[in-house]
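*Asks:* fold the following, please.
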Amino acid sequence: MTTKMRNVAGLSTSEAQKSSDMFGKCRYLDEITGGRGVVFATGTPVSNSMTELYTVMRYLQYSTLQQKKLTHFDCWASTFGETTTAIELAPEGTGYRARTRFAKFFNLPELMSMFKEVADIKTSDQLHLPVPVAKFETVVAKPSEIQKEMVQELSKRAAEIHSGTVDASVDNMLCVTNDGRKIGLDVRLMNPMLPDDPNSKLNVCVQNVLKIWEEGKDQKLTQLLFCDLSTPKNDGNFNVYDDIRKKLIAAGVPENEIEFIHNADTEAKKAALFSKVRSGDVRVLLGSTAKMGAGTNVQSRLVAVHHLDVGWKPSDMTQRNGRIIRQGNMNKEVKVFNYVTEGTFDAYLWQTLENKQRFISQIMTSKSPVRSCEDVDEQALSYAEIKALCAGNPLIKEKMDLDVQVAKLKVLKADHQSQKFRLQDKLLTKFPADIQETNAYIAGLKADAQLAADHPQGKEEFCGMVIKGVTYDEKKTAGERLVLACSELPNAEEKVIGSYRGFELSLRFDTFRSEYQAILKGQRRYPVALGTDPLGNIIRLDNSLNNFPERINSAENEPTTLHQQQAAAQIEVEKPFPQEEELAEKSARLAELNAQLDVDEKSHEPEQDEEEQEGAPRRPSVLAALEEKSDKPEPVKPFKSYLDKDGDAR
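*Replies:* Residues are numbered from 1 along each chain as shown. Below is the predicted model of the structure:
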């Protein structure tokens, strides 16, 4: 896409040929079908970044974007989004850095209503599907001394890369990222000769699998293990999959009950494997998101899912958990285990998911959005909690928890305010207008009732009807002329043709009901459906003018109901936000923690003597560059303000 924005995380400016090709085809189909020729069907239209929604809107509603002058991304982004610079964990997991990204959104109701012109969003809270209740459990493994030292080395490598002293072909952040994921999973991925830590998350996972395998023997309950790293290659090198299988077999699990999804390399083999899992013949299945995510229907006996590592996209985790939280599972309650190694790259991975989830949460929701917010989804909270567990510092964890609670309370307060404003609007305009209109309607009915009484219609006598200037004194003749007048109508629009019993008489054709109607008009209008029977039509007109007592009685009840609703709304408007005290208390504690963490950072700054400062290469501070302060490097402080947060809210 074309944009002036630079160095904004999650914003790719490179072109993809297949995307340009699809855009061209969508525009062509729009031209020949009037904008109705393309249907996208997906569970995750926004899976990774803000730009995806703009891209979907370009594909499906380009004419709407043109009409609203939002075809350029910068116009769209300035209308609905805002870039925020926040302090976040660095990829190496040991420090913090400033990062600019899209995280906050405004004008959400307008964005949602525009998007919903082409999107029919159905979420789980609307569908109420019969799925098992999932119990999420985060298992935090303590890092070994070797893991800690290796993470420190990652930090040094990242610092060198950031300062530009290392050529990208030798080392780069992608390599650091990959190595960080490996260290978080198992150090033997870096070197197979390193010792197997008995407390690693891999071994903790094996223990949990064994325990659940033993408990579910009678029902032949099954489990899934997800791991995107270190998949089996059958090349003799160490990999996580073979290590887990070896340990499970050594603990007594039959070899034929453990399978890898990677061994089923054809559709036929995959179908046979899934059938075995559903029947309980295979009770432990290991695989990656790509091979065992969408399309894997093995939920019949699934009781637990284990996430040894985390995907890059929230949709990855949604697809993984969707294997077990699914219709057709015989278990009423299931477990989802998230394994993290404290103080390693795992913290950054969960944070990345949290940032991506913020935008998706605001769009893919069935709730009415507030005017502006950061994130409102429970999924985002769980990511924030896991990240807080990885951070290690108890003060940081408390700060992150409070961030979550305070922001959740702020969203609830915003919703309370929205409802209050809506009620105030009703009290000021809608209720008075409705009451006034109802009173006017009742007065009109009474005047029309008097008009009908002044022109009575006897059973045997006929008071006469005027049609097109001619008075008809005989009931049958008047009825026949009325039917004829219907056929003489030039179109479906209403046309005045005469009068009856003091009321103006009009005719029209109701295209919705496919019937001719006579409209008697005094102070109010009274439509009457007409048939082919001349005498029957006159009787229908009389019946309509004879039921004024029932109409008046029904209408006179409405002001009472409106006054009751008005009184109830007045009581609701005066109610304060019920959790105001809790919000004030937690906000105060959060401000106190922010100040304390800021002080702690300053008090723990390593002191250097002047000689070391002069001799050491000076690494420029990201914040100093952003704020254009003095040349002296300043330390990057975590959690500088409410907006600069890791454990965010919804």
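
*Asks:* going forward, measure contacts between C-alpha atoms and count neighbours the same way
*Replies:* Noted.

*Asks:* for the stretch 101-250 of the chain, which segments count as helices?
*Replies:* Secondary structure of the stretch 101-250 of the chain by DSSP state H, counting those that start in this stretch: the helices cover 108-115, 124-127, 145-163, 173-185, 201-215, 240-250.

*Asks:* of all the ones you listed, which lies closest to Val483?
*Replies:* Closest to Val483 of the helices of the stretch 101-250 of the chain, according to Cα to Cα: helix 108-115, at 47.0 Å.

*Asks:* mind telling me which of the helices of the stretch 101-250 of the chain the model trusts least?
*Replies:* Among those, helix 124-127 carries the lowest mean pLDDT, at a mean of 68.

*Asks:* quick one on the thing from earlier: please identify the deepest-packed of the helices of the stretch 101-250 of the chain.
*Replies:* helix 173-185 (a mean of 20; mean count of other Cα atoms under 10 Å).

*Asks:* outside of that helix, which residues touch it?
*Replies:* By Cα atoms under 8 Å, 6 or more residues apart in numbering, the list of residues contacting helix 173-185 from outside reads 91-92, 147, 150-151, 154, 157-158, 161, 189-190, 201-202, 229, 308-309, 340-341, 344-346.

*Asks:* what sits against Pro232?
*Replies:* By Cα under 8 Å, 6+ apart, the neighbours of Pro232 are 239-242, 262.

*Asks:* and the helix or strand containing Asn594, what does it pack onto?
*Replies:* Assigned by DSSP states H and E, Asn594 belongs to helix 580-603. Using 3 or more Cα pairs under 8 Å, 6 or more residues apart in numbering; DSSP states H and E, the elements in contact with helix 580-603 are helix 394-425.

*Asks:* in the helix it packs on, what counts as buried?
*Replies:* Across helix 394-425, burial judged by 16 or more other Cα atoms under 10 Å covers 396-417, 420, 423-424.

*Asks:* for stretch 321-337, same thing?
*Replies:* In stretch 321-337, counting by 16+ other Cα under 10 Å, buried: 321-326, 329, 331, 334-337.

*Asks:* would you format those as CSV with secondary structure and pLDDT included?
*Replies:* Formatted as CSV, these follow (DSSP: H, G, I helix; E, B strand; the rest coil; pLDDT from 0 to 100):
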residue, secondary structure, pLDDT
Asn321, helix, 85
Gly322, coil, 83
Arg323, coil, 87
Ile324, coil, 87
Ile325, coil, 85
Arg326, coil, 83
Asn329, coil, 84
Asn331, coil, 85
Val334, strand, 91
Lys335, strand, 92
Val336, strand, 91
Phe337, strand, 92
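
*Asks:* dump the residues you listed into a markdown table; add distance to Arg58 as well.
*Replies:* Shown next, in a markdown table, are the buried residues of stretch 321-337 (distance: Cα to Cα, whole Å):
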| residue | distance to Arg58 |
| --- | --- |
| Asn321 | 31 |
| Gly322 | 29 |
| Arg323 | 32 |
| Ile324 | 35 |
| Ile325 | 33 |
| Arg326 | 33 |
| Asn329 | 39 |
| Asn331 | 43 |
| Val334 | 40 |
| Lys335 | 40 |
| Val336 | 37 |
| Phe337 | 39 |
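
*Asks:* let me know the closest of these to Thr471.
*Replies:* Using Cα to Cα, these come closest to Thr471 at Arg326, 74.0 Å.

*Asks:* Pro456 in helix, strand or coil?
*Replies:* coil (DSSP: H, G, I helix; E, B strand; the rest coil).

*Asks:* let's verify the nearest residue to Lys413 once chain neighbours are set aside: helix, strand, or coil?
*Replies:* Excluding its sequence neighbours, the residue lying closest to Lys413 (Cα to Cα, 6 or more residues apart in numbering) is Phe577, at 6.5 Å. Classification of Phe577 using three-state DSSP returns coil.

*Asks:* if I look at Phe577, what pLDDT would I see?
*Replies:* 87.
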